[in-house]
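K.L.:
here you go, sequence then predicted model.
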Amino acid sequence: MTPFQLAALFLSLVAAAGWLNARLLRWPTATIMVIAGLANAGLLVVLERWAPRSGAGPVIAAVHGLDFPRAVMGYMLAFLLFAGAMQVDLSELRRRRLSVWTLATLGVLASTLIVGVGLWLVAGALGLPLGLAWACVFGALISPTDPIAVLAAVREGRLSKVLEVVLQGEALFNDGVGIVVFTAALAIAAGGGQISPVATVAQVVVQAAGGLVLGMLGAALVIRVMRAIDDYAVEVTLSLALATGVYAIAQGLGVSGPIAVVAAGLLVGDRGVRTAMSETTQRYVRAFWTLVDEVLNGLLFMLLGLEVLVIPLDVRLLGLWAAALVLVLAARFAVVMPWGTYFQLRQSQKHAGLVLAWGGLHGALSLAMALSIPEGAAQGIILSTTFAVVIFSVLVQGLTFGRVAAWHAGTPRPGRAQA
């Protein structure tokens, strides 16, 4: 199949699943798209076996040939993070900056160690060849909450402004931190060196700070340029150039592209909208990025479900998968509970710890990092375990988060879609 034919097929599947969901189920987009991807993968396997002339074989081959890590981290992530950042209330985020930054940095590092050491001990008890360094690689890739899945879940829920912004801000910033930690852990595991927490923390700080400064400078320049004109088509194009430009420059400079594009999106969504855009331009810019977010979000989670065709699933690893699920959830509760307790006691946020823990979804970014691990004894174990945790997170946590949010709120928030 040509790339155009493959893109047409995937977008058609996304459109069909979206229509059925809007017509019948009204489930969270991420959840329904993953289910559709898994169902289509199963259908392709059946057709290839029982109807070899159906054309399923070339589609399966195309899925195997898809570079999922590059598609996510090289292309989609910049657009999705920028679109997501534009939805966040920057003034509220500033008020919650301490909780957001501690969860996005220290929280990721703490979770990496908890999950990594725990999985290493479990693997040893089960007789599986997974060393401590490789277990920490899994901890690093699974610890960041997925911004795409979290933002989608938050839209479906009925959260207070406080917890909504904390979940959004953490998810937007911790993926950049997580990528840096994962890269450092992978280099250590592949090179056989020793784990150096100090060096890892220093690398996180440098890359995160560099990305933040780059994103802010780029956004300031674009906002200033926007003030000189009033043309919605040009200003939409400028926002698109900003999102792609800062991400590309960050990759070239070796700083965090995700954090750069998040910083740029936050400033454009706040200061840019208030000071540089007419009402007409505001409508077009927000509508454009909302559409980009919805379409790419659906496509990404459809591809996530289809990746089951690529993942080496071995039922002998069921015990490790179950242990990983428990460890990831336990680490998440351990990391967020101090802030959850604070919000519940000092700001009357009911069940804040449960909301922050259950809202920490994992998704395509974790799987993309797992797929980038070089071939070796640990690759299959980490890849299948990551897929198991991600599928559980998107299907179970994603589908039930609306109920947890409603329990937190007590009553539905006005104007908010039902989960």
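P.N.:
Thanks, I have it.
K.L.:
what residues sit buried inside the helix or strand harbouring A388?
P.N.:
Assigned by DSSP states H and E, A388 belongs to helix 377-392. Using 16 or more other CB atoms under 10 Å as the test for burial, helix 377-392 gives 378-392. C-beta coordinates here come from the backbone N, C-alpha and C atoms, glycine included.
K.L.:
tell me the one among those residues nearest to F138.
P.N.:
Minimum distance to F138 across the buried residues of helix 377-392 is 4.9 Å, recorded for I382 (CB to CB).
K.L.:
which residues are in contact with the closest one?
P.N.:
Contact analysis of I382 by CB atoms under 8 Å, 6 or more residues apart in numbering lists 130, 134, 137-138, 141, 370, 373.
K.L.:
now, which of those residues lie within helices?
P.N.:
134, 137-138, 141, 370 (DSSP state H).
K.L.:
shouldn't L90 be in contact with L267?
P.N.:
Yes: shown here, L90 and L267 form a contact pair, counting by CB atoms under 8 Å, at 7.5 Å.
K.L.:
compare those two (neighbour count), which wins?
P.N.:
Higher neighbour count among L90 and L267: L267, with 23 against 18, using other CB atoms under 10 Å.
K.L.:
next up, identify which helix or strand that one is on.
P.N.:
Applying DSSP H and E, one finds L267 within helix 257-267.
K.L.:
show me where the stretch 201-350 of the chain has helices.
P.N.:
Applying DSSP state H, counting those that start in this stretch to the stretch 201-350 of the chain gives helices spanning 232-253, 257-267, 273-276, 279-306, 318-347.
K.L.:
give me the mean pLDDT for the very next helix or strand once past the longest one.
P.N.:
Read it as helix 318-347. Counting by DSSP H and E, the next helix or strand C-terminal to helix 318-347 is helix 352-358. Here helix 352-358 scores 93 as its mean pLDDT.
K.L.:
check stretch 13-27 too.
P.N.:
So the average pLDDT for stretch 13-27 ends up being 92.
K.L.:
show me what counts as buried in it.
P.N.:
13-14, 17-18, 21, 27.
K.L.:
go through the residues you listed and flag which are in helices.
P.N.:
Per DSSP H, the buried residues of stretch 13-27 map to helices at 13-14, 17-18.
K.L.:
just give me the closest of those to R49.
P.N.:
For these, the nearest to R49 is L13 (20.4 Å; CB to CB).
K.L.:
just among the contacts of I382, which is most surrounded?
P.N.:
F138 (33 neighbours).
K.L.:
and the gap between that residue and S393?
P.N.:
14 Å (CB to CB, to the nearest Å).
K.L.:
one more: M302?
P.N.:
Taken as CB to CB, the span from M302 to S393 is 17 Å.
K.L.:
now do G118
P.N.:
On the measure of CB to CB, G118 and S393 end up 17 Å apart.
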